[in-house]
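> Let me see the structure of the following:
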Amino acid sequence: YNRSVRLAQCILELRQNTPDRLHFQAELERAKRERYFEFPLLERYLQAKQRSYFLVSMLFLRSFLLLLFLSSACLYLVYFHLSAFLQDEFSCFVKTGLLRDEPWVPSLVQCKLTGLLVFQVISVANGAVYVLLAPMILFGLLRLFCWDRSFLSVYEVLPALGLLSGRKLGCPLNDLNVILLFLRANVSHLRSYGRIRAVCSPA
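Below is the predicted model:
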C-alpha cells in the first residue's frame, strides 16, 4: 500500500505538471493496465472474503441471540411488575414451631414486600436500556445490506482496486462487507485511509 500511495502521488504530480490531459489519461491507463503495484495476495484475499459468508452468518446469529435475550428480559420484567403490583400484600402462615400452641397468635398474618419500590426503579431502568439497545442492534444489521461507498471511494485511487468503477461489489451480504464495516468503525487507527485522503485532497 505504501508503494501504491507513492504511485498515486507520482500520478498526481504528473497531472499537475502536464497540461495535456490526454497524455495524463494515457499514463493513468498505462499504470492501471500494467498493474506494477498490484498485490495478488491482497486481491485474492478480498475476492475470497467476497465469496465467504462465515462472519456475516456469525454476526446475524449473535444479533438474533441478543434480540432474543433482550425480548426475554423485557417480558420477564413486565411479568414481574404486573405480578408485584397485584400481589404487593399477601397472607403468611406463621403458626408453626413455638407459636403453634399459642392461642393469641392468629393463623394468618398480613405481610408486605419491603424495598419493592427500589427494585422496581432498577427494573424499569434496565428495561429502558434493553429497549434502547434493540434499535442499535437492528441498525447494525441493516448496515450489512448496503456497501459503504464513501469509505471505498477513498481507495479508488489505488491501482487494481477499482471496486466501484469496475462494479465488482455485488451482493453486500458477505464477509468482505463485515471487514469493511469493521475498518470503517476503526478508521482512526487505519493509517492508509488518512494518508490516501491527504493525497487525494489536492486533486
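> Tell me where the protein has helices.
In order along the chain, the chain carries the following helices (DSSP state H): 2-17, 21-34, 40-50, 54-86, 116-142, 149-154, 175-185, 191-200.
> And the average pLDDT for the fourth one is what?
Averaging the model's pLDDT scores along helix 54-86 yields 87.
> burial count for residue 123?
Neighbour count of residue 123, defined by other Cβ atoms under 10 Å: 17. For the C-beta atoms, the positions are set from N, CA and C on the backbone; glycine is no exception.
> wait, it sits on residue 80?
Yes: Residue 123 sits in contact with residue 80 when judged by Cβ atoms under 8 Å, with a separation of 6.7 Å.
> what's near enough to touch the residue nearest the centre of the chain?
Closest residue to the average C-alpha location of the chain: residue 140 at 4.5 Å, with Cα atoms, centre = their mean. With contact taken as Cβ atoms under 8 Å, 6 or more residues apart in numbering, residue 140 is in contact with residue 63.
> Now stretch 132-146: buried residues?
If you call a residue buried by 16 or more other Cβ atoms under 10 Å, then stretch 132-146 has these buried ones: residue 144.
> Distance of residue 95 relative to residue 112?
As judged by Cβ to Cβ, to the nearest Å, residue 95 and residue 112 stand 19 Å apart.
> Mind checking which of the two has more residues around it?
Neighbours per residue (other Cβ under 10 Å) separate residue 95 from residue 112, with residue 95 holding more: 13 against 9.
> Alright, calling it a day.
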